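[1] predicted structure and sequence below. I'll ask about it afterward.
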Amino acid sequence: MSKGLPETRTDAAMSELVPEPRPKPAVPMKPVSINSNLLGYIGIDTIIEQMRKKTMKTGFDFNIMVVGQSGLGKSTLVNTLFKSQVSRKASSWNREEKIPKTVEIKAIGHVIEEGGVKMKLTVIDTPGFGDQINNENCWEPIEKYINEQYEKFLKEEVNIARKKRIPDTRVHCCLYFISPTGHSLRPLDLEFMKHLSKVVNIIPVIAKADTMTLEEKSEFKQRVRKELEIHGIEFYPQKEFDEDLEDKTENDKIRQESMPFAVVGSDKEYQVNGKRVLGRKTPWGIIEVENLNHCEFALLRDFVIRTHLQDLKEVTHNIHYETYRAKRLNDNGGLPPGEGLLGTVLPPVPATPCPTAE
Amino acid sequence: MSVSVRSTAAEERSVNSSTMVAQQKNLEGYVGFANLPNQVYRKSVKRGFEFTLMVVGESGLGKSTLINSLFLTDLYSPEYPGPSHRIKKTVQVEQSKVLIKEGGVQLLLTIVDTPGFGDAVDNSNCWQPVIDYIDSKFEDYLNAESRVNRRQMPDSRVQCCLYFIAPSGHGLKPLDIEFMKRLHEKVNIIPLIAKADTLTPEECQQFKKQIMKEIQEHKIKIYEFPETDDEEENKLVKKIKDRLPLAVVGSNTIIEVNGKRVRGRQYPWGVAEVENGEHCDFTILRNMLIRTHMQDLKDVTNNVHYENYRSRKLAAVTYNGVDNNKNKGQLTKSPLAQMEEERSFFLNLKLDLGSSPGSAPFWLLQRRHEQMKKNLEAQHKELEEKRRQFEDEKANWEAQQRILEQQNSSRTLEKNKKKGKIF
């Protein structure tokens, strides 16, 4: 039986079935590889099929948060991403919204299904962010919300009688919308990303990209990337969590060329060249949302949903959540929260496997 | 030319010295004063025109590009980049002058820019430097007007303020509302929707409606286009009013579209033309600002905003002047007494100025004299009291000091005794 290194993503998930906590600086143990020729077909590879069936039955959670000033097209983009009316605007009665006086957090849950796979999607909106005259500390309610979700998960984990499947309300991904000024990042953007890149996966996105011509777009993206580097802001995919060379090259390409994605959102369809496409109709042309020459929406969608969805959840669970947990337990004197008073010595809490297939 | 007309007019004038009723008389020949506008025109052309335009808005809304497009110059060029390219920590007010000539007419254009507006995390009072600048320009003009030698009166008052609204598509931001509320009484505000090629026509319509609704809700007085007697002009004015706030796109790059060379922005899906009325309202803005309403903007600034400032400033100065003639350290009287005093003073002043010198009734002068004497006496008494209070306090303080000194000296004596130091 050969114990190879986890090469693909599903294999990585497989190794998670055996509890193996992996906080930030730790280096995974390299198992000794014994090369032995298999004398016939055993059927180990059917594990993938088994996992798939299980996932389809249980479905999975995904929580995405959108942050940005009002009017940047956040709700429209989320609707476009998931091709359904999942934003807060869709479920509110009045179309006229007043800018709220303080930052509110609104979480709306939907269950969407595709190809037999059920996803419980929660969109967390933050109306009122960056809209006031004085925006000092407007990221604090958001940071508090994220930590509260970690706290909830921790409490469930620490329980003696645990649920079989802990409901996961932690924020897996935060899309931060940058206003397309064409010049540089605003002080508010830098402040927010500095504070929150340590607790959640931030994916910076340039909103309303149809404001800029192609040259302006590439110049702006370069400038934004440089500024993020200068300020030491680690957005997702973070460099330090690349597992192997393959990941590194793939992520490097994304980090240095595509990010931040310049997107355009729309939920209206128009006829272009005989096809029905999602787009925006202006007197001088139709902007197609899924056309790579027009904007990078397709890249963002593939990135978030088709290739890195599972990784987003893993990084949230293994790194951000573990960081929070370690800090909480250290503050509490090595004991889980709420148990310290009894003075009983409890066995160390094993990390629960990443909720993929249970 | 009939002499009779002129003489009767002269008679009328001498009889009614104070009432000037202008009766329209029909002329029976060509007098020639129809040439007056030409004289004014020639004089103005020789003198040249001045115009001061202020642009306010967050950075990155295309203000510099729009100015370049409006006046077809490179006020902000790659060699001298606009304020947006330099990140500012605080709001500053910068002005740049450019002299443009067209058809023999000179225009000295001053553009006042406000880099850093609305860019910080905390934008409270970011409008204060703007207000201070406008007031300082009014003050300069007021001082120049009040001087003895008024030969050179440069007019640097801000005649128009273009306020750029970010194209969010929802409504005005709290910052926009605050700014406009504070400045609509000081300067002509023309709100513009910046980067209008972000919005589709339907979104633009809705956005404009929402903005106008909010402007009315908050009772913000933006620049009003004047009604004229001319039907044609009224129609134009109404067209402009329907499209407020104007949605503009700026660009100075020339692109070829269907064989024509136009200014616009090239996108992969088409070209947004700057001067196309269906794409944006740039032509309307340019025509309104430069070709038709520039003089009206200057007049409104002079007659309304400047006069408001002047009357407020002078009223404050006279009140302060009265106060300063009395001495500082006056105990505050009740507001009612102060108002009474003020009113009587002003009344006297007005009566004095209304009639010719030397004809003020004696009883009035006497009353005023007595009032002033009473005021002086009251002040005198107050001063006396204050002085007494001060003397008492001084005496008390000195007594305390002496006691403290004694205590200190006795303590040191004891200390020295203990240590065995005798001196």
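    Arrived safely.
[2] lowest-pLDDT helix or strand in the chain?
    In the absence of a named chain, this looks at chain A. Here the helix or strand of chain A ranked lowest by mean pLDDT, DSSP states H and E is helix A:9-16, holding a mean of 44.
[3] oops, wrong one, chain B.
    helix B:3-15 (a mean of 48).
[4] now do the helix or strand following it: everything it contacts.
    Once the chain leaves helix B:3-15, the next helix or strand it forms, by DSSP states H and E, is helix B:36-47. Helix B:36-47 has contacts (C-beta atoms under 8 Å, 6 or more residues apart in numbering or on different chains) with B:104-106. Just so you know, the C-beta spots here come from the backbone N, C-alpha and C atoms, and that holds for glycine as well.
[5] pull the contacting residues for residue 254.
    Using chain A. Neighbouring residues of A:Ile254 by C-beta under 8 Å, 6+ apart: A:237, A:303.
[6] if you could check chain B rather than the one you did, that'd help
    Contacts of B:Ile254 by C-beta under 8 Å, 6+ apart are B:261-263.
[7] want to try a markdown table for the contacts of helix B:36-47, with secondary structure as columns?
    Formatted as a markdown table, those follow (DSSP: H, G, I helix; E, B strand; the rest coil):
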| residue | secondary structure |
| --- | --- |
| B:Gly104 | coil |
| B:Val105 | strand |
| B:Gln106 | strand |
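[8] now tabulate those in JSON lines and tack on distance to chain A and neighbour count.
    Listed next are these as JSON lines, based on distance: C-beta to the nearest C-beta, whole Å; neighbours: other C-beta atoms under 10 Å in any protein chain shown:
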{"residue": "B:Gly104", "distance to chain A": "37", "neighbour count": "7"}
{"residue": "B:Val105", "distance to chain A": "35", "neighbour count": "13"}
{"residue": "B:Gln106", "distance to chain A": "34", "neighbour count": "14"}
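[9] closest to A:Glu151 among those?
    Closest approach to A:Glu151 among the contacts of helix B:36-47 (C-beta to C-beta): B:Gln106, at 70.2 Å.
[10] I figured that closest one hits B:Gly48, correct?
    Yes: between B:Gln106 and B:Gly48 a contact is recorded at 3.7 Å, counting by C-beta atoms under 8 Å.
[11] any weak-confidence spans in the stretch 251-400 of chain B?
    B:319-360 (pLDDT under 70).
[12] now with 50, please.
    Applying pLDDT under 50 to the stretch 251-400 of chain B flags residues B:323-334, B:354-357.
[13] how about the residues of it near chain A?
    Counting by C-beta under 8 Å from any C-beta of the partner chain, the stretch 251-400 of chain B comes close to chain A at B:265-273, B:276, B:278-279.
[14] spatially central residue for chain B, please.
    B:Lys186 (3.6 Å; C-alpha atoms, centre = their mean).
[15] report pLDDT for it.
    Per-residue pLDDT puts B:Lys186 at 90.
[16] hey, where'd the strands end up in the stretch 151-300 of chain A?
    A:173-178, A:202-206, A:261-262, A:269-272, A:275-282, A:285-288 (DSSP state E, counting those that start in this stretch).
[17] among these, show me which one is buried the most.
    Sort the strands of the stretch 151-300 of chain A by mean neighbour count, taking mean count of other C-beta atoms under 10 Å in any protein chain shown, and strand A:261-262 sits at the top with a mean of 26.
[18] coming back round to it: mind checking which of the residues of the stretch 251-400 of chain B next to chain A are buried?
    Neighbour counting with 16 or more other C-beta atoms under 10 Å in any protein chain shown marks B:265-267, B:269-273, B:276, B:279 as buried within these.
[19] excluding chain neighbours, what is closest to whichever residue of the stretch 151-300 of chain B sits closest to chain A?
    Taking C-beta to the nearest C-beta, chain A has its nearest neighbour within the stretch 151-300 of chain B at B:Ser168, 2.1 Å off. The shortest distance from B:Ser168 to any non-neighbouring residue, by C-beta to C-beta, 6 or more residues apart in numbering or on different chains, is to A:Gly71 (2.1 Å).
[20] can you dump the C-alpha atoms of stretch A:321-329 in PDB for me?
    Output of stretch A:321-329 as PDB, limited to C-alpha atoms (Å, rounded to 0.1, in the frame of the first residue of the first chain):
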ATOM      1  CA  TYR A 321     -10.500  29.500  12.500                       C
ATOM      2  CA  GLU A 322      -7.500  27.800  14.100                       C
ATOM      3  CA  THR A 323      -5.900  31.200  14.700                       C
ATOM      4  CA  TYR A 324      -9.000  32.400  16.400                       C
ATOM      5  CA  ARG A 325      -9.300  29.200  18.400                       C
ATOM      6  CA  ALA A 326      -5.700  29.300  19.600                       C
ATOM      7  CA  LYS A 327      -6.100  32.900  20.700                       C
ATOM      8  CA  ARG A 328      -9.200  32.200  22.600                       C
ATOM      9  CA  LEU A 329      -7.900  29.100  24.300                       C
END
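[21] surely the residue nearest to the centre of chain B and B:Ser136 touch.
    No: assessed by C-beta under 8 Å, B:Lys186 is found out of contact with B:Ser136, at 11.6 Å.
[22] coming back round to it: distance of the residue nearest to B:Ser168 relative to B:Arg387?
    Counting by C-beta to C-beta, to the nearest Å, the gap from A:Gly71 to B:Arg387 is 65 Å.
[23] of those two, which one has the most company?
    For A:Gly71 and B:Arg387, the more surrounded residue by other C-beta atoms under 10 Å in any protein chain shown is A:Gly71, and the numbers stand at 21 against 10.
[24] so A:His70 sits right up against B:His170, yeah?
    Just to correct that, residue A:70 is Ser rather than His. Yes: using C-beta under 8 Å, A:Ser70 makes contact with B:His170 at a distance of 5.8 Å.
[25] show me what from the stretch 251-358 of chain A comes close to chain B.
    Near chain B, the residues belonging to the stretch 251-358 of chain A are A:280-288, A:293-294 when assessed by C-beta under 8 Å from any C-beta.
[26] just put the residues you listed in TSV and tack on pLDDT.
    Output for these, formatted as TSV (pLDDT from 0 to 100):
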residue	pLDDT
A:Arg280	88
A:Lys281	88
A:Thr282	87
A:Pro283	86
A:Trp284	85
A:Gly285	85
A:Ile286	88
A:Ile287	88
A:Glu288	88
A:Asn293	87
A:His294	87
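[27] of these, closest to chain B?
    Once C-beta to the nearest C-beta is applied, the member of those that ends up nearest chain B is A:Gly285, at 2.7 Å.
[28] if you drop the residues flanking it in sequence, what lies closest to A:Met119?
    Nearest non-adjacent residue to A:Met119, counting by C-beta to C-beta, 6+ apart: A:Ile112, 5.5 Å away.
[29] give me the pLDDT for A:Lys118.
    83.
[30] so it: helix, strand or coil?
    Per three-state DSSP, A:Lys118 ends up strand.
[31] quick one: it and A:Asp61 touch, right?
    No: counting by C-beta under 8 Å, A:Lys118 does not reach A:Asp61; the two are 10.2 Å apart.
[32] please say which of these two ends up with more neighbours.
    A:Asp61 (18 against 15).
[33] what helix or strand is that one on?
    Judged by DSSP H and E, A:Asp61 forms part of strand A:60-67.
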